[in-house]
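> model the structure of this input:
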Amino acid sequence: MVARLAELPFLVVLLAFGGALAFVPAVHGLALADYAVARDFFYSALVLLIVTAMLALATAAYRPRDPAQSLLASLIGAYLVLPLALSLPWWQSLPDTTFVNAWFEMNSSFTTTGATVYDPARLSETMHLWRAIVAWYGGFLTLLAAHAILAPMRLGGYEVAAGRVAGRNTLGRSPALRAAEPGQRLGRWALRLWPVYAGLTVALWTGLMIAGEGATTALIHAMGTLSASGITGQSGLSGAASGMLGEALILVAFLFALSRRCLPVLHLAPAPGGLLADPELRLAVQILGLVLMVLFLRHWLVAEQTADPDNIGKALAALWGGLFTAASFLTTTGYVSSDWKTATDWSGIGTPGMLLLGLAILGGGVATTAGGVKLLRIHALLRHGGRELERIIHPSSVSGGGPDGRRMVQDGAQLAWVFFMLFAVSLAVLVGVLTLYGVGFDTALVLAVAALTTTGQLADLGAADPILYSDLISPVKLGLGLAMILGRVETFALLAFLMPGRGRR
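Below is the predicted model:
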């Protein structure tokens, strides 16, 4: 069966799984006696599967000339087409909504952004579960594409470690990769990643239920964590019954968004020195430590102004709230700790929106569900900066770290800088477009960063006052939706698709 699926176009297979997933909220709605919503999801699932079957028959004999480039095109097409298809049951279940809002909601979920235009109380548990399922599906696609599509083409952050031009296929260089067709490689990675991704989700789901959360709420939070979407149900994470124990479990799960080496059974080459020496994890720890210093130690600098006496219990709560929320936004998940207000009051700086914006821009690890610039690129830039300072002091010195280290410091850092500049240009263009539609500069900046880093929750905490996506006009929502796709696919992959280097090595 896997071999037959590998022969079909990748986009058709993704559409089939999307239609099959719609049966899950149909069963959930039936169990809760919400028959109208269950019927809408059931009929929509049937329609999507019928359309998929027709497309499969029409494209069964299709054989692309360049399979690797075709998979990249299918990946980009998936983010353009699947949100439209997955919005069908949503649009049917909310007859008083517009299709633009339905598309924005599903596009935000599928790109693991987590932004919403609806008041949580307006949606039923089944609707919230569908948002989480779509985000979870999008998170799995991100992992699968990173390992099976982007890695061989040196995209998605792999170009930094390779130190070579991004987007040029490496299949011709490696006998192992040359012997495997892209479709077969995609199937093998899917079978390897699926048990790990699903197993971690079930484990976190079970842990959250043991901590006291309800079954549906725990499942939504588990899916929102593993997909780095930060999606919640009718009550946010700060009001969850699991409390600090639940947050601790989620904090442990953030590790899988900080480094791909944390995922078990992937048979990746170990980092020199073990997992603790992984550059992405080490950099994440350093960043979180710096943030905690700003949030925690600043209390004693403003204690006289705030007239807040020292309290060990409050200090520990502030430390925990700052650690959890900072880690959440670094992984572009966007969950907020129940002790976050204690942390901001303790520091005396209110809501540090710029700090959260910076964490989201840095992002998580390469080949994870996190967005942003990615920690490996930041690591390469820091290594390059350190090397340049070393050359100023010792001009004749030779860089250490072996060939791989020198490649990252030189060519890898150059590619990381190019990506960072492309990200900055995309951010500037998006802010300019939003301001043309009447959005204030501060609001446009927060919304642009939230979209490009796939951290929709920045709208709540990134500005002085919360920004409501429901107040935005349709053209702004369309622009932000396309920016979410760009932030998820990344500019290097889009350029490799638009300007393929065929025949180059």
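> nearest spatial neighbour of residue 127, chain-adjacent residues omitted?
Leaving aside its sequence neighbours, residue 127 sits nearest to residue 93 (CB to CB, 6 or more residues apart in numbering; 6.4 Å). Quick note: C-beta positions are derived from backbone N, CA and C, even for glycine.
> number of residues surrounding that neighbour?
By the measure other CB atoms under 10 Å, the count of residues near residue 93 is 24.
> just checking, it touches residue 131?
No. Residue 93 is beyond contact range of residue 131, at 11.6 Å (criterion: CB atoms under 8 Å).
> related to what we said a few turns ago, who are the neighbours in contact with the residue nearest to residue 127?
The contact partners of residue 93, by CB atoms under 8 Å, 6 or more residues apart in numbering, come to 36, 37, 40, 41, 127.
> can you pull the contacts of residue 94?
102, 127 are the contacts of residue 94 under CB under 8 Å, 6+ apart.
> can you pull the pLDDT of it?
Note for residue 94: predicted pLDDT of 90.
> could you do the one 5 residues further on as well?
On the pLDDT scale, residue 99 is placed at 92.
> cool, and residue 218?
With respect to pLDDT, residue 218 has a value of 95.
> identify the residues contacting it.
Contacts of residue 218 by CB under 8 Å, 6+ apart are 205, 208, 209, 242.
> what's the pLDDT at the closest residue to it other than its chain neighbours?
Nearest non-adjacent residue to residue 218, counting by CB to CB, 6+ apart: residue 208, 3.7 Å away. Looking at residue 208, its pLDDT is 95.
> give me the helices and strands touching the helix or strand containing residue 208, please.
Per DSSP states H and E: residue 208 is located in helix 182-210. Applying 3 or more CB pairs under 8 Å, 6 or more residues apart in numbering; DSSP states H and E, we find helix 182-210 packed against helix 2-7, helix 67-93, helix 125-145, helix 215-226, helix 243-253.
> after the shortest one, heading C-terminal, what element do we hit next?
It stands for helix 2-7. helix 10-21.
> how many other residues sit next to the spatially closest residue to residue 276 that is not a sequence neighbour?
If the residues on either side of it in the chain are set aside, residue 276 comes closest to residue 282, at 7.7 Å by CB to CB, 6+ apart. Residue 282 has 16 neighbours, counted by other CB under 10 Å.
> could you check how far residue 236 is from residue 121?
Using CB to CB, to the nearest Å, residue 236 is found at 12 Å from residue 121.
> which one of those two is surrounded by more residues?
A count of neighbours by other CB under 10 Å puts residue 236 above the other of residue 236 and residue 121, at 16 against 8.
> surely that one and residue 336 touch.
Yes. Residue 236 is within contact range of residue 336, at 7.1 Å (criterion: CB under 8 Å).
> residue 314 is nearest to which of the helices and strands packed on helix 182-210?
helix 243-253 (14.1 Å; CB to CB).
> buried ones in the helix or strand following the closest one?
Using DSSP H and E, the helix or strand that follows helix 243-253 in sequence is helix 255-258. The neighbour-count check on helix 255-258 (16 or more other CB atoms under 10 Å) flags 255, 256, 257, 258 as buried.
> please save the CA atoms from helix 255-258 in CSV.
Extracted C-alpha coordinates of helix 255-258, given in CSV (Å, rounded to 0.1, in the frame of the first residue of the first chain):
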residue,chain,number,x,y,z
LEU,A,255,12.8,20.1,23.6
PHE,A,256,11.6,18.4,20.4
ALA,A,257,11.1,21.9,18.9
LEU,A,258,14.6,23.0,19.9
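> and that helix, what's its mean pLDDT?
Helix 255-258 comes out at a mean pLDDT of 95.
> state the next helix or strand along the chain beyond that helix.
helix 279-292.
> which other helices and strands contact that next one?
helix 255-258, helix 312-330, helix 353-362, helix 375-393.
> about what we covered before: quick one: common contacting residues for residue 236 and residue 336?
What both residue 236 and residue 336 touch, as defined by CB under 8 Å, 6+ apart, is an empty set.
> picking that back up, let's see the pLDDT reported for the residue nearest to residue 276.
93.
> which residues in the stretch 401-505 of the chain form helices?
For the stretch 401-505 of the chain, the helices defined by DSSP state H, counting those that start in this stretch cover 402-407, 413-436, 441-452, 458-461, 474-489, 491-498.
> for residue 358, find the nearest of the ones you listed.
Per CB to CB, nearest to residue 358 of the helices of the stretch 401-505 of the chain: helix 441-452, 9.2 Å.
> residues making contact with the closest one?
113, 115, 353, 357, 360-361, 371, 423, 426-427, 430-431, 434-435, 439, 455-459, 462-464, 467, 472, 476, 480-481, 483-484, 486-487.
> what does stretch 22-37 give?
Here stretch 22-37 has contacts from 38-39, 41-42, 44-45, 48, 86, 89, 93, 124-127, 129-130, 133, 216, using CB under 8 Å, 6+ apart.
> quick one, which of those residues are buried?
38, 41-42, 44-45, 48, 86, 89, 93, 124-127, 129-130, 133, 216.
> where in the stretch 401-505 of the chain is pLDDT low?
Counting by pLDDT under 70, the stretch 401-505 of the chain has low-confidence residues at 401-404, 500-505.
> returning to that earlier point: who wins for proximity to residue 411 among the helices and strands packed on helix 279-292?
helix 375-393 (9.4 Å).
> in the closest one, what's buried?
375, 376, 377, 378, 379, 380, 381, 382, 383, 384, 387.
> just checking, what packs against it?
helix 158-162, helix 279-292, helix 413-436.
> and the ones you listed as TSV, adding distance to residue 57?
TSV is the format used below for the helices and strands packed on helix 375-393 (distance: least, CB to CB, whole Å):
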stretch	distance to residue 57
helix 158-162	36
helix 279-292	44
helix 413-436	39
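> point out the most buried one among the ones you listed.
helix 158-162 (a mean of 22; mean count of other CB atoms under 10 Å).
> export that helix as CSV, just CAs?
Output in CSV follows, covering the C-alpha atoms of helix 158-162 (Å, rounded to 0.1, in the frame of the first residue of the first chain):
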residue,chain,number,x,y,z
TYR,A,158,20.5,22.2,6.2
GLU,A,159,22.3,24.6,3.9
VAL,A,160,24.1,26.1,6.9
ALA,A,161,25.7,22.7,7.9
ALA,A,162,26.4,21.8,4.3
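> give me every residue that touches residue 97.
Residue 97 sits in contact with 90, 91, 118, where contact means CB under 8 Å, 6+ apart.
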